[in-house]
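1. Sequence first, predicted coordinates after that:
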Amino acid sequence: MTLDEVIAAVRAIPPENHYVWDGQDEDDRPMTAEEKKAALAAIRKPGRPKGSAKTTTTIRLDDEVLEAFRATGKGWQTRVNDVLKEWLATHQER
């Protein structure tokens with residue numbers, strides 16, 4: 001089928017009907033592996049993965065500390081966590 005024939009076929013679709021291509025309705029055909037992967041990615045919930053060892057908390061920081069970390073860009077909260085872990089490693093009683 002040429003491009004012109006495809007365009008003509010699409011234009012001939014009545015607005016109230018779904019077009020059936022080669023005798024098979026698009027809604028009835030099985031999904032391809034790529035379509036399944038895209039569908040699963042679309043329904044995944046955002047946020048931390050299950051089993052994450054991190055806990056949500058609230059902490060008060062000085063404005064200049066918060067601004068300095070935020071200015072470093074995406075991942076600033078992870079960098080705050082890393083700095084706190086580093087401090088703990090050097091200041092724990094032995």
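-> Received, thanks.
2. Could I get the pLDDT score of the spatially most central residue of the chain?
-> Nearest to the mean C-alpha position of the chain, by CA atoms, centre = their mean, lies Pro46 at 6.3 Å. Note on Pro46: pLDDT of 75.
3. helix/strand/coil for it?
-> Following DSSP: H, G, I helix; E, B strand; the rest coil, Pro46 is assigned to coil.
4. And the strands in this protein, which stretches?
-> Counting by DSSP state E, the chain has strands at residues 20-21, 24-25.
5. Just give me the lowest mean pLDDT stretch among those strands.
-> strand 20-21 (a mean of 62).
6. Give me the average confidence score over stretch 81-89.
-> 95.
7. So which residues make contact with that stretch?
-> For stretch 81-89, the external contacting residues (CB atoms under 8 Å, 6 or more residues apart in numbering) are Lys54. C-beta coordinates here come from the backbone N, C-alpha and C atoms, glycine included.
8. Same question for stretch 67-79.
-> Val80.
9. Buried ones in that stretch, by neighbour count?
-> For stretch 67-79, the neighbour count (16 or more other CB atoms under 10 Å) marks Phe69 as buried.
10. Show me how far it is from its chain's centre.
-> Computed by CA atoms, centre = their mean, to the nearest Å, the chain-centroid distance of stretch 67-79 equals 21 Å.
11. Need the CA coordinates for it. CSV is fine.
-> Extracted in CSV, the C-alpha atoms of stretch 67-79 (Å, rounded to 0.1, in the frame of the first residue of the first chain):
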residue,chain,number,x,y,z
GLU,A,67,20.2,27.2,49.8
ALA,A,68,23.8,26.0,49.4
PHE,A,69,22.7,22.4,49.0
ARG,A,70,19.8,23.2,46.7
ALA,A,71,22.2,25.3,44.5
THR,A,72,24.1,22.1,43.8
GLY,A,73,21.2,20.9,41.7
LYS,A,74,19.3,17.6,41.5
GLY,A,75,20.2,15.1,44.2
TRP,A,76,20.9,17.7,46.8
GLN,A,77,19.0,15.7,49.5
THR,A,78,21.3,12.7,48.8
ARG,A,79,24.3,15.0,49.2
